[in-house]
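>>> what follows is a predicted structure for the sequence shown.
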Amino acid sequence: RCPGCGSEALVEDALYAQQQLVCAACGCVLAEGLLTTTYSEEEHLREVAYSQSTGQKEQLSRCLQRGIRRVQDLCKVLQLPATFEETAVSYFQRAFQLPAFHLVSLEKKELLGGCCVFVTCRQHNWPLTMGTICSLLYAKQELFAGVFLSLQRELGLSVPALSLADLVKTHLSSFQLFQPSANIPAPFLEDKEKLVARTMGIVELASKAWLVTGRHPVPVVTAAAFLAWQSLQPRARLSCPLARFCKVAGVDLPPPAHLRLKELLEILLGMASQLTWLRGFNLDKKTVVKHVGDLLQHRVFLLKNAFCQEEEWADGATGQGSRGQGSPGQDSPSSPLVTKKKGCPLAGKRQCEGPLRPLLPPCLIHPRKRLRPAAPSTSDSALTGDEPISDSEIEQYLRSPEEIQAFRKAKAW
């Protein structure tokens, strides 16, 4: 009898030369024959059931097959080595079996293959940005970043960050300024190696001047490439604005690139004021581009002498506040107007012209938003400042030996 419906109408049916005992009433398969699946099994005369055959076990789902093809096509478009493709496919197969990627949207499943390729390239130090993958997949970077973080967390992968030097080479390789074309004027053509080398120097300068930390690197690289391109042939390129440069180069203009360009020019102007052969010129943000090569050659020395450190800036500000206490016409030695630059060969022979700008992140020098003062709590509002200080806490308020000695005398008295 059929265990499903209890019918006795059982028939033998041959499916692809495989004998099966089937219930004619409900279609339930009660027993199945044996068949060989591979050449090795046929050689050893081994027979296995179809449900246990390799063909049934190795059958991939349609979604998994489509994802593997997408990973392989993406690797071919990026011209990645075969080892990269194998690693990316293995990551995709591992991630596809995890429950975290089962109940997700189809869009996230399609981005999963791109994330596997992105992780593989980062692990092999292959310069590939998230923006490049998103442009190929027509995806939003926010959604791609979420899938990437989930993949990294679920598989426990270690993904090194892309170095700024590799990003410069990758970003500049997409510029259309290296091959003659009808859309590009002849003065705008430039040698790729020269442009990359000059841009690398400007980016390193920006990194030392706190213009890269905590910011998106593409606007910084775009502004640095524009300055490097102008400085190589300033006579024919100074009149070209940043927007036209990006249009001719065939790249998008990031909105913050104008701000990064302004900050780079301020750094270059401060460094140019320390070069002896440039003091006679009235340099501005356009003419200083002509001397970028000299400024980069001596950038370590010029940064040290053109900008003060945080401690020197704080001492100068303190001296400026106490400047009015002296006699008129005499400046305090700690005033920023007479601060002598440390490490400068002219220290002691001349004085600084104007206050020194600190070499700090721009967000600390020119804060955009002022922090609102916190509302005083009920416990703070009851404080008057006349509360007694315990002996265990008073050590925190003593700073000089004179104060310690005065406290001991008062305590003894």
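Sure, I can see it.
>>> what about Val11, is that helix, strand or coil?
strand (DSSP: H, G, I helix; E, B strand; the rest coil).
>>> identify the residue spatially nearest to Pro234, adjacent ones excluded.
Lys290 (4.6 Å; Cβ to Cβ, 6 or more residues apart in numbering). C-beta: built from backbone N, CA, C; applies to glycine.
>>> could you pull out the helices in the stretch 201-350 of the chain for me?
Ranges of helices in the stretch 201-350 of the chain, per DSSP state H, counting those that start in this stretch, are 217-232, 234-237, 242-249, 257-272, 292-297, 299-306, 310-321.
>>> output the ones you listed as TSV; include the columns distance to Ala209 and mean pLDDT.
Converted to TSV, these look like this (distance: least, Cβ to Cβ, whole Å; pLDDT from 0 to 100):
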stretch	distance to Ala209	mean pLDDT
helix 217-232	11	92
helix 234-237	22	89
helix 242-249	19	92
helix 257-272	5	90
helix 292-297	12	90
helix 299-306	7	82
helix 310-321	14	51
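>>> okay, those helices, which one's buried deepest?
Each of the helices of the stretch 201-350 of the chain was scored by mean neighbour count; the highest is helix 217-232, a mean of 23, by mean count of other Cβ atoms under 10 Å.
>>> sorry, back to before: got the contact list for the residue nearest to Pro234?
Ser231, Pro234, Leu238 (Cβ atoms under 8 Å, 6 or more residues apart in numbering).
>>> related to what we said a few turns ago, and the helices of the stretch 201-350 of the chain as JSON lines, adding distance to Gly156?
Shown next, in JSON lines, are the helices of the stretch 201-350 of the chain (distance: least, Cβ to Cβ, whole Å):
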{"stretch": "helix 217-232", "distance to Gly156": "27"}
{"stretch": "helix 234-237", "distance to Gly156": "49"}
{"stretch": "helix 242-249", "distance to Gly156": "40"}
{"stretch": "helix 257-272", "distance to Gly156": "36"}
{"stretch": "helix 292-297", "distance to Gly156": "42"}
{"stretch": "helix 299-306", "distance to Gly156": "41"}
{"stretch": "helix 310-321", "distance to Gly156": "40"}
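>>> of all these, which lies closest to Arg62?
Counting by Cβ to Cβ, Arg62 lies closest to helix 217-232 out of the helices of the stretch 201-350 of the chain; the figure is 37.6 Å.
>>> got the angle between that closest one and helix 242-249?
Orientation of helix 217-232 against helix 242-249 (axes from the mean of the first three to the mean of the last three Cα atoms, to 10 degrees) gives an angle of 90 degrees.
>>> so how far is helix 217-232 off the chain centroid?
Its chain's average C-alpha position is 17 Å from that of helix 217-232, according to Cα atoms, centre = their mean, to the nearest Å.
>>> the helices of the stretch 201-350 of the chain: which one's closest to Val159?
Relative to Val159, the nearest member of those by Cβ to Cβ is helix 217-232, separated by 16.5 Å.
>>> and the angle from that closest one to helix 257-272?
Using the same axes, to 10 degrees: helix 217-232 against helix 257-272 is 50 degrees.
>>> please name every helix or strand in contact with helix 217-232.
helix 164-172, helix 192-208, helix 242-249, helix 257-272, helix 292-297 (3 or more Cβ pairs under 8 Å, 6 or more residues apart in numbering; DSSP states H and E).
>>> what about the helices in the stretch 1-150 of the chain?
Using DSSP H, counting those that start in this stretch, helices in the stretch 1-150 of the chain cover 39-43, 54-57, 62-77, 82-96, 106-123, 130-137, 141-155.
>>> tell me which helix or strand in this protein has the weakest average pLDDT.
Sorted by mean pLDDT, DSSP states H and E, the helices and strands of the chain end with helix 54-57, the least confident at a mean of 46.
>>> nearest residue to Leu261 other than its sequence neighbours?
Computed as Cβ to Cβ, 6+ apart, the closest residue to Leu261 that is not its neighbour in sequence is Ala223, at 4.1 Å.
>>> quick check: that neighbour touching Ala257?
Yes: if you go by Cβ atoms under 8 Å, Ala223 and Ala257 touch, sitting 5.1 Å apart.
>>> anything in contact with each of these two?
What both Ala223 and Ala257 touch, as defined by Cβ under 8 Å, 6+ apart, is the set Leu242.
>>> so who does the closest residue to Val203 other than its chain neighbours touch?
Excluding the flanking residues, the one nearest Val203 by Cβ to Cβ, 6+ apart is Ala224, at 4.9 Å. Neighbour list for Ala224: Val168, Thr199, Ile202, Val203, Ala206, Arg260, Leu264 [criterion: Cβ under 8 Å, 6+ apart].
>>> surely the fourth one meets Val220?
Yes: using Cβ under 8 Å, Val203 makes contact with Val220 at a distance of 6.6 Å.
>>> what is the burial count for the residue nearest to Leu64 when sequence neighbours are not counted?
Closest residue in space to Leu64, ignoring its immediate chain neighbours: Phe96 at 5.5 Å, by Cβ to Cβ, 6+ apart. Per other Cβ atoms under 10 Å, the neighbour tally for Phe96 reads 19.
>>> nearest to Glu403, of the contacts of Lys290?
Each of the contacts of Lys290 was checked against Glu403 using Cβ to Cβ; the closest is Ser231, at 56.2 Å.
>>> tell me the contacts of the closest one?
Ser231 makes contact with Arg198, Val289, Lys290, Val292, Gly293, according to Cβ under 8 Å, 6+ apart.
>>> for those residues, work out which two are farthest apart.
Arg198 and Lys290 (13.1 Å).
>>> if any of the contacts of Ala224 are buried, put those into a PyMOL selection.
Per 16 or more other Cβ atoms under 10 Å, the buried members of the contacts of Ala224 correspond to this PyMOL selection:
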select buried, resi 168+199+202+203+206+260+264
